[in-house]
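>>> attaching a predicted model along with its sequence, questions to come.
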Amino acid sequence: MVNRVVVGAHYGLRDWLAQRITAVIMAVYTLVVLGVVLTGPPMTFIAWRELFATGWMRVATLLFAASLAWHAWVGVRDIIMDYVKSTAVRLTLEALVLLTIACYVAWAVQILWR
């Protein structure tokens, strides 16, 4: 009989899927924005503002920002868990990263809907 010692937080498959799904969302958004910019009229400030005034672009950009935040959180959290051994320092760094990412998402929402 084999005794297995289970250690760690068991994020494995969920985090792997999250990284892949958020990467696909960000890639599709990037291709859409590139397509709009390259096939549309020359991008002036007015054209850029009108593009982001449409509801679908705001929602797509918010989805991109949320995907980027989740992608960044999973990646940075895994790095912190792997390389920072002190629990107090690890929790402090994770809290700072979460606060920073939340501020960036809130800032994106403010920019999109002000």
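Cool, got the structure.

>>> helices of the chain, start to end?
12-39, 45-53, 55-83, 87-112 (DSSP state H).

>>> gap between the helix or strand bottoming out on mean pLDDT in the chain and the chain center?
The helix or strand of the chain with the poorest confidence is helix 45-53; it has a mean of 90 (mean pLDDT, DSSP states H and E). Put simply, helix 45-53 sits 23 Å off its chain's centre (CA atoms, centre = their mean, to the nearest Å).

>>> kindly report the same for stretch 87-100.
The gap between the average C-alpha position of stretch 87-100 and the chain average comes to 17 Å, counting by CA atoms, centre = their mean.

>>> the least confident helix or strand of the chain vs helix 12-39, what angle?
Relative orientation of helix 45-53 with respect to helix 12-39: 140 degrees, computed using axes from the mean of the first three to the mean of the last three CA atoms, to 10 degrees.

>>> between helix 45-53 and helix 87-112, how big is the angle?
110 degrees.

>>> pull out the buried residues from helix 45-53.
Judged by neighbour count (16 or more other CB atoms under 10 Å), helix 45-53 contains these buried residues: Leu51. Bear in mind the C-beta positions are built from the backbone N, C-alpha and C, glycine included.

>>> start the count at 11, not 1, going forward
Understood, numbering begins at 11; the last thing we discussed is helix 55-63.

>>> ok, residues contacting it?
Contact partners of helix 55-63, identified using CB atoms under 8 Å, 6 or more residues apart in numbering, comprise 46, 50-51, 67-68, 71, 122.

>>> just put those residues in CSV and tack on neighbour count and pLDDT.
As requested, the contacts of helix 55-63 are exported to CSV (neighbours: other CB atoms under 10 Å; pLDDT from 0 to 100):
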residue, neighbour count, pLDDT
Val46, 13, 91
Gly50, 10, 84
Pro51, 9, 85
Met67, 17, 94
Arg68, 16, 95
Thr71, 18, 96
Leu122, 14, 92
